[in-house]
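[1] Sequence and predicted structure are below.
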Amino acid sequence: MSIQALGSPPKWAVNAVCAESTSEFFYPDEQDYITASAAKWACRRCPVRDECLQWALENDEQFGVWGATTPKERRRIKRTAGER
Ligand code: SF4
């Protein structure tokens, strides 16, 4: 699944850099650090990166690269936020 395949994608998704990409690229296996790094690099030039990351955190996205973060990085962000 990709952001464009969501049942009702958020409005900001129309400007997503990944809209024209294959979903596999943004959903690498957990151990595929090379593809994850490439996807994160693509996110860095995305105009909706902040919105994307916020959406992934709020919706507890467990898979894929969102807002230039991997699932592991998002878990760390949430853990850190919970400690405050
Ligand atoms: S930040 Fe990355 S995953 Fe999010 S919409 Fe942009 S390209 Fe797609």
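    Everything's here; your move. None of the values given here were measured: they were computed from a predicted structure.

[2] and this structure, which of its residues are near the ligand?
    3, 16-18, 26, 42-43, 46, 48-49, 52, 65-68 (C-beta under 6 Å from any ligand atom). (Each C-beta comes from the backbone N, C-alpha and C, glycine too.)

[3] Okay, and the beta partners of the most centrally placed residue in the chain?
    In the chain, the residue lying closest to the centroid (C-alpha atoms, centre = their mean) is residue 66, at 0.7 Å. Counting by DSSP bridges, residue 66 is bridged to residue 69.

[4] Touching, it and residue 54? I think so.
    No: using C-beta atoms under 8 Å, residue 66 is not in contact with residue 54; the gap is 9.4 Å.

[5] Sketch out the low-pLDDT regions of this structure for me.
    1-6 (pLDDT under 70).

[6] Please list all residues in contact with residue 78.
    Residue 78 sits next to residue 57 when contact means C-beta atoms under 8 Å, 6 or more residues apart in numbering.

[7] any idea how far it is from the ligand?
    17 Å (C-beta to the nearest ligand atom, to the nearest Å).

[8] right, and residue 67 touches residue 43 too?
    Yes: Residue 67 is within contact range of residue 43, at 6.3 Å (criterion: C-beta under 8 Å).

[9] tell me, how many neighbours does residue 68 end up with?
    Neighbours of residue 68 under the rule other C-beta atoms under 10 Å: 18.
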